[in-house]
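Chemist: How does the following fold in three dimensions:
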Amino acid sequence: MSEIKNLADRIAGGELTAVQATQEAIDRIVARDDEINAVVVRDFDRALDAARQADDRLAAGERAPMLGVPMTVKESYDVAGLPTTWGFAEHRDHIATADARAVRRLKEAGAIIVGKTNVPPALADFLSVNPVYGATHNPHRHGLSSGGSSGGSAASLAAGYVCAEIGSDIGGSIRIPAAFCGVWGLKPTFGLVGREGHWWPGTDGGELNLSVAGPLARTSEDLALLLEIIADHPLPMPRRTSPEGARIAVITEHPVAKISADVSRVLDEQCARLEASGATVDRAPQLPDLAATHRDYVKMLLTVLSRGNAPEGVTPVTLSAWFDMIDQQARTSRAWNAALTDEYDAVLAPVFGSTAFPLDEVTMDHRTVDIDGEQTPCGAQLAWAGLATYPNLPSVCLPAGTGSDGLPIGLQLIGRQYAEPELLAIAAGSAPGRTSA
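Modeler: Purely as a prediction, here's the structure:
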């Protein structure tokens, strides 16, 4: 069920006004967010002004998919008149002069932006803590990470403030927060959603390789609605409109990243739901080399994030080497797309090896996460994100279960390029509570 459509219909039908809906969202943030710290930039006065304008449009007979619906957006998106810092203290006074493309389209669809949500510096961590806004706590348990880098986005949804958000993802930054907070998140096919206005503070350069913009929500239907609004072009008709008949490859282990017994159990439970829904599940699939995919992904990721500026003592990446990386990525992308066209409809895999971990002040390269009592390198968990990121594939994170600690566990379904409608249909039809399993 679409929460966005339901709220928009209630507003259009006169059950409540856009001002009332916006004020209710503001009240929820004010009541709870001092503890969670998800909505770090508040734009309440302008939101109420926009809501009054939405009510005027409704009274004049206008209709739009999100007319009067309040939402938040990730801090890294430009919203005219609001700060865009990317978590850097030196950019705390940078004020955007125009809306990002995705924000502009959401506003055109009638959305009311009530604020912006927290991120880590440079959008480069699995938690959302920075010197400008502080730490965002997981709404399910104080003191735990809400994920990163769209950690404030997922927390805003999980706390019940709003029903719509947009984030970005280059290393699991939509999927990991969605998994940690128990909400839905979609990493679209690379290039499907334009990232104009989602750039380093004060710059206006090109779009980063590997990085995508995408929606987060509490239902799969809302992911589809948001994607339709912000996508740059329409998507092809899906081959599948439900899990029935779908061929699903399952990755139960990775040569680089470990998963806990809880994540493994939830993976098995999701396989059972898929099979109960009529899908065929292959637990020993023939897929491109996972270790090689991860190795090449990390090499490209580090080059992109550093813009080719090698650390001291490391040989800089040459232009020839960069072209070699692009060629290898293209070969890998073709291999994954072939497997997801000829052999399978989707790949089911973990998003992260454990439930949410405690907030800390440790850098990614020194942090460890507890996997069934063993301290394992946190950075290795990038391997799960890279499965879809490196070949430029879409991936939807669905809330699939809970750990023995009572915390959410999300899993991802990965599909061929531009198969977002198909992935969402398979995920929705096999999610907990949506099947007869």
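Chemist: Residue 220: neighbour count?
Modeler: Applying other Cβ atoms under 10 Å, we find 23 residues neighbouring residue 220. (C-beta placed from N, C-alpha, C; glycine too.)
Chemist: okay but it is in contact with residue 396, surely?
Modeler: Yes - the criterion here is Cβ atoms under 8 Å, and residue 220 meets it with residue 396 at 7.4 Å.
Chemist: Touching both of these two, which residues are there?
Modeler: 184, 424, 427 (Cβ atoms under 8 Å, 6 or more residues apart in numbering).
Chemist: Now go through these and say which are in helices.
Modeler: Residues of the shared contacts of residue 220 and residue 396 located in helices (DSSP state H): 424, 427.
Chemist: in terms of contact, does residue 119 touch residue 128 like I think?
Modeler: Yes - judged on Cβ under 8 Å, residue 119 makes contact with residue 128 at a distance of 5.6 Å.
Chemist: between these two, what contacts are shared?
Modeler: Common neighbours of residue 119 and residue 128, counting by Cβ under 8 Å, 6+ apart, are 148-152.
Chemist: a markdown table please, covering those residues and showing distance to residue 205.
Modeler: Below are the shared contacts of residue 119 and residue 128 laid out as a markdown table (distance: Cβ to Cβ, whole Å):
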| residue | distance to residue 205 |
| --- | --- |
| 148 | 23 |
| 149 | 19 |
| 150 | 21 |
| 151 | 25 |
| 152 | 24 |
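Chemist: So what's the residue count around the residue nearest to residue 159 when sequence neighbours are not counted?
Modeler: Among residues not flanking residue 159 along the chain, residue 139 sits closest, at 4.3 Å (Cβ to Cβ, 6 or more residues apart in numbering). Counted by other Cβ under 10 Å, the residues lying close to residue 139 total 25.
Chemist: What ranges in the stretch 51-200 of the chain fall below the confidence cut-off?
Modeler: For the stretch 51-200 of the chain, no stretch has pLDDT under 70.
Chemist: Quick one: the strands in it, in order.
Modeler: 70-74, 112-117, 129-130, 134-135, 137-138, 141-145, 164-169, 184-187 (DSSP state E, counting those that start in this stretch).
Chemist: Please tell me how far the residue nearest to residue 159 sits from residue 58.
Modeler: Distance, residue 139 to residue 58, by Cβ to Cβ, to the nearest Å: 31 Å.
Chemist: next one: residue 17
Modeler: For residue 17 relative to residue 58 (Cβ to Cβ), the value is 8 Å.
Chemist: Show me the common contact partners of the two, please.
Modeler: Here residue 17 and residue 58 share the contacting residues 11, 68, scored by Cβ under 8 Å, 6+ apart.
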